[in-house]
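Please work out how this folds:
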Amino acid sequence: MNDDIVTRDSVVELLERLIKEVQDGAPGWENTTLEAYLDALSGWLSSAEGHYRNNFGSGIPDNPWKVLRDALLAARTYE
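Numbering: from 1, shown residues only. So this is what the prediction gives:
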């Protein structure tokens, strides 16, 4: 997936992939219950500005689909 081009369709595809991963017990998932995943998603979104500043030297991207994509991926393991 190209980091520069994130669209609604690519986020929908990601969600479908994440559903399959958690159903199949894919490795790398720490937050496997809905409650844990949503808690991590909320936590990551609350600290997103720091994530982008610390890792990329910039603020939150203008593309909200990119932010959502990053949050959905991070919530698999975010504490």
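
Check the secondary structure at residue 19 for me.
Following DSSP: H, G, I helix; E, B strand; the rest coil, residue 19 is assigned to helix.

what's the first-to-last distance across stretch 18-31?
12 Å (CA to CA, to the nearest Å).

from the chain's centre, how far out does it sit?
13 Å (CA atoms, centre = their mean, to the nearest Å).

tell me the contacts of the closest residue to residue 29 other than its chain neighbours?
The shortest distance from residue 29 to any non-neighbouring residue, by CB to CB, 6 or more residues apart in numbering, is to residue 76 (5.1 Å). The way it works is simple: take the backbone N, C-alpha and C, and place the C-beta from them, glycine included. Contacts for residue 76 (CB atoms under 8 Å, 6 or more residues apart in numbering) come out as 18, 28-31, 37, 40.

what's residue 76 sitting at in phi/psi?
Phi and psi for residue 76, reported as degrees, to the nearest 10, are phi -60, psi -30.
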